[in-house]
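Visitor: Need a 3D model of the sequence below.
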Amino acid sequence: MIEYNNLINDIITTKISTITSLKLFLFIIFALLISFIIDMIFGELPTRIHPVVIIGSIIDFFKKMFINIKNRLSGLFLVLGVYAVSIIILYVIYLICSFNIALLFIVFAILLSSTFSVNMLLKTAVDVKDALDESIDKARQLVSYLVSRDTDELTESFIVSATIESLTENITDSYIAPVLYYFIFGAMILYHPIDNQLFYLLLVPMAYRIANTLDAMLGYKTDELVNIGFFPAKIDDILNFIPSRIAGIFIVISTYLLNLDGKNAYKIMMRDARKCPSPNSGYTMATTAGALNIQLIKKDTYILGDDNKNITKEDISKAVRLSKLTIYLFTLVVILLFTLIYVIL
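Guide: So this is what the prediction gives:
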């Protein structure tokens, strides 16, 4: 009788565990899909409440605090301070919303959408192409917001190149990386549930976005930032190492699906990806250059691809379609893989 009762308890426990696991699985999938729709339809959140803007303000606060420490420890202290404050703010928001699952889901999806930026990424490239139809000076101004180089004297071909470079470089950190880490951690908590797992599920892509923002604001080798920006830059390099290479592979696959030069895309990726100062950015930029049979050039820094044809503003449209398909394809594949993991589980 005791063994029978134990068996019944095991079955009940297993059933409850399965239901909980199913709810978590559905939450992870639908939160990502809703957040993706939010981003594609509405774009960025208002500046006053955008998490990245708030993170930027926190970074500025700690930068002023540690900038006068003339060694690399200043960057480490800054990183620790930024993460500590950001995590506290996120946890308070989580606690406030956790009393109602519907509210929690809505806030979770909105905050998750702030960890990537597909709409703005694609729209910015299209805006530059449209500006080229009106005035090269307007296009130069728009490009100046995307790249760190001097754009005042850029010709049309260099404007197109800079736009495609910015677009494709940011495929990784504007979408692939945060979503990849989101699903990796999602798979982990499916296998090993933890307390406050939805908080940590949101924290993972948000932590990536914090690292990326730190690098974007501080990761430069100027006299002012060479010390305080060392750790932020290295952390970003580490976090993007695998996602950038995955993004490159998905661009190759998307190239074949769009009847572009997939063979050349892979060839140029393998040949030129490491020509960039960054250990990661070349894997998407070089692959795109190969796919479109063009050269992407940053003067005195790198030349990616072969000069098979003149680069034109129409190549921006092709790069946008390629980037969009890459993002869609990655989303589909990662959801299918996550579903497979759940089924096996």
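
Visitor: Isn't residue 280 up against residue 240?
Guide: Yes - in this structure, residue 280 is within contact of residue 240 by CB atoms under 8 Å, at 4.3 Å. Heads up, the C-betas are built off the backbone N, CA and C, glycines and all.

Visitor: Can you work out which residues contact both of those two?
Guide: Contact criterion CB atoms under 8 Å, 6 or more residues apart in numbering; residues shared by residue 280 and residue 240: residue 172.

Visitor: where do the strands sit along the protein?
Guide: Secondary structure of the chain (DSSP state E): strands at 296-298, 302-304.

Visitor: Output those strands in JSON lines; the columns should cover distance to residue 339 and mean neighbour count.
Guide: Output for the strands of the chain, formatted as JSON lines (distance: least, CB to CB, whole Å; neighbours: other CB atoms under 10 Å):
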{"stretch": "strand 296-298", "distance to residue 339": "36", "mean neighbour count": "22"}
{"stretch": "strand 302-304", "distance to residue 339": "36", "mean neighbour count": "21"}
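
Visitor: can I get those in CSV with distance to residue 172 and mean pLDDT?
Guide: CSV is the format used below for these (distance: least, CB to CB, whole Å; pLDDT from 0 to 100):
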stretch, distance to residue 172, mean pLDDT
strand 296-298, 16, 93
strand 302-304, 15, 95
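
Visitor: closest to residue 88 out of these?
Guide: Checking these against residue 88 by CB to CB gives strand 296-298 as the closest, at 39.5 Å.

Visitor: can you list contacts of that closest one?
Guide: So strand 296-298 is in contact with 149, 158, 161-162, 164-165, 285-286, 288-289, 302-305, going by CB under 8 Å, 6+ apart.

Visitor: next one: stretch 28-40
Guide: 105, 108-110, 112-113, 116-119, 179, 182-183, 186, 201, 331, 335, 338-339.

Visitor: and what of stretch 190-206?
Guide: By CB under 8 Å, 6+ apart, the surrounding residues in contact with stretch 190-206 are 20-21, 24-25, 27-28, 51, 86-87, 90-91, 94, 98, 104, 108, 111-112, 115-116, 178-179, 181-182, 184-186, 189, 341-342, 345.

Visitor: end to end, how far does it reach?
Guide: This stretch, stretch 190-206, spans 20 Å end to end (CA to CA, to the nearest Å).

Visitor: list the buried ones in it?
Guide: Neighbour counts over stretch 190-206 (16 or more other CB atoms under 10 Å) mark 190, 197, 198, 199, 201, 202, 203, 204, 205, 206 as buried.

Visitor: just to revisit the earlier point, kindly reformat the strands of the chain as JSON lines and extend each row with distance to residue 262.
Guide: Formatted as JSON lines, the strands of the chain follow (distance: least, CB to CB, whole Å):
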{"stretch": "strand 296-298", "distance to residue 262": "18"}
{"stretch": "strand 302-304", "distance to residue 262": "17"}
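
Visitor: right, and those - which one's nearest residue 318?
Guide: Closest approach to residue 318 among these (CB to CB): strand 296-298, 12.9 Å.

Visitor: so where is this structure shaky, pLDDT-wise?
Guide: The model of the chain has pLDDT under 70 over residues 1-19.

Visitor: For residue 210, see how far away residue 114 is.
Guide: According to CB to CB, to the nearest Å, residue 114 and residue 210 sit 11 Å apart.

Visitor: cool, residue 312 as well?
Guide: The spacing between residue 312 and residue 210, counted by CB to CB, is 38 Å.

Visitor: Give me the more crowded residue out of those two.
Guide: residue 210 (25 against 15; other CB atoms under 10 Å).

Visitor: Check the gap between the more buried one and residue 55 for me.
Guide: In this structure, residue 210 and residue 55 are 6 Å apart, going by CB to CB.

Visitor: list residues touching both of these two?
Guide: Contacts common to residue 210 and residue 55, judged by CB under 8 Å, 6+ apart, are 82, 86.

Visitor: about what we covered before: go through the contacts of strand 296-298 and flag which are in helices.
Guide: Residues of the contacts of strand 296-298 located in helices (DSSP state H): 158, 161, 162, 164, 165, 285, 286, 288, 289.

Visitor: Just flag the most distant two among those.
Guide: Largest separation among these by CB to CB: 158 and 286, giving 17.4 Å.

Visitor: neighbour-wise, which of these two wins?
Guide: Neighbours per residue (other CB under 10 Å) separate residue 158 from residue 286, with residue 286 holding more: 28 against 19.

Visitor: What count of nearby residues applies to the residue nearest to that one when sequence neighbours are not counted?
Guide: Nearest non-adjacent residue to residue 286, counting by CB to CB, 6 or more residues apart in numbering: residue 272, 4.0 Å away. Using other CB under 10 Å, residue 272 has 23 neighbouring residues.

Visitor: is it true that residue 272 touches residue 283?
Guide: No - assessed by CB under 8 Å, residue 272 is found out of contact with residue 283, at 9.6 Å.

Visitor: tally of neighbours for residue 49?
Guide: Using other CB under 10 Å, residue 49 has 10 other residues around it.

Visitor: any idea how far it lies from residue 57?
Guide: Distance from residue 49 to residue 57, by CB to CB: 12 Å.

Visitor: now swap in residue 282 and tell me
Guide: Residue 282 is 32 Å from residue 57, by CB to CB.

Visitor: neighbour-wise, which of the two wins?
Guide: Taking other CB under 10 Å, residue 282 and residue 57 do not tie; residue 282 has more neighbours (26 against 9).
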